[in-house]
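Engineer: quick one, fold the following:
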Amino acid sequence: MVETGDPRATFRRGFAASLRQLRLALELIAEDVVGEEDARIDWIAAGPDGRAWIVLLEHGRADATLLERGLVQRAWVEARVADWRQLAPSLALRDGLTPGVLLVAAEHDRSTRVAAREAGDAIRVVRWEGDPERPVLAVLEPPPRARQKPSHAAPQLRSVFRTGLTDADLAS
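Structural biologist: As a prediction, the model looks like this:
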């Protein structure tokens, strides 16, 4: 009997090396972690600044539920980073930083992309294409541009409403 293995693990293995393409310099810390509500977290990683990153993979099209899962798992991981550091002081994680979420799917719906963009740089939406064993990854939503304050005051608006009444009409 030929053993096929865990298809999810095979899928995940194809992505491990490809994460380097994203220029996030993530160090993988744990794989296939059972998180909140017994949901699986594909990876927990550490960024160069010590921020924990939750990586969730979706084989096909992802909808807003992937983003929801990411936010739920982010809260779960954030509550545990200090404990993990106590158990393993050599971990590259720092507590006190809100974990990032990396959502990887073949396709993301528009609402997920917009929500991730509005959430700031702690949520990244990544598309994969090609062979799942050697995928090509591309960040879809870079962090939003910093909003700049206008360099000049807004112009004064003049009312252009005219009634057609004259002073004589108003005199009684």
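
Engineer: residue boundaries of the strands in this protein?
Structural biologist: Remark: strands assigned in the chain by DSSP state E are 27-34, 40-46, 52-62, 100-108, 123-129, 136-139.

Engineer: tell me which residues in the third one are buried?
Structural biologist: Counting neighbours by 16 or more other Cβ atoms under 10 Å, one finds that the buried residues in strand 52-62 are Ala52, Trp53, Ile54, Val55, Leu56, Leu57, Glu58, Ala62. C-betas here are computed from N, CA, C, even on glycine.

Engineer: what pLDDT is listed against the closest residue to Arg12 other than its chain neighbours?
Structural biologist: Nearest non-adjacent residue to Arg12, counting by Cβ to Cβ, 6 or more residues apart in numbering: Asp42, 5.6 Å away. Note on Asp42: pLDDT of 93.

Engineer: centroid-nearest residue for the protein?
Structural biologist: Ile123 (1.8 Å; Cα atoms, centre = their mean).

Engineer: pretty sure that residue contacts Gly100?
Structural biologist: Yes. Under the criterion of Cβ atoms under 8 Å, Ile123 makes contact with Gly100 at 6.9 Å.

Engineer: returning to what we had before: need the contact list for the residue nearest to Arg12.
Structural biologist: Arg12, Phe15, Glu31, Asp32, Val55, Leu56, Leu57 (Cβ atoms under 8 Å, 6 or more residues apart in numbering).

Engineer: ok, Leu102 next?
Structural biologist: Residues in contact with Leu102 (Cβ under 8 Å, 6+ apart) are Leu22, Leu24, Leu26, Ala45, Trp53, Ile54, Val55, Leu56, Arg124, Val126.

Engineer: cutoff 10 Å now
Structural biologist: Going by Cβ atoms under 10 Å, 6 or more residues apart in numbering, Leu102 touches 19, 22, 24, 26, 42-43, 45, 47, 53-57, 70, 122-126, 137, 139.

Engineer: for Ile123 and Gly100, list the residues in contact with both.
Structural biologist: Common neighbours of Ile123 and Gly100 are listed as Ile54, Gly70, Arg74 (criterion: Cβ under 10 Å, 6+ apart).

Engineer: I'd like to know how far the second one sits from Ala64.
Structural biologist: The gap separating Gly70 from Ala64 is 10 Å, by Cβ to Cβ, to the nearest Å.

Engineer: each with direction, which strands does the lowest-mean-pLDDT helix or strand in the chain pair with?
Structural biologist: Lowest on mean pLDDT, DSSP states H and E among the helices and strands of the chain sits strand 136-139, with a mean of 70. Here strand 136-139 has these sheet partners by DSSP bridges: strand 123-129 (antiparallel).
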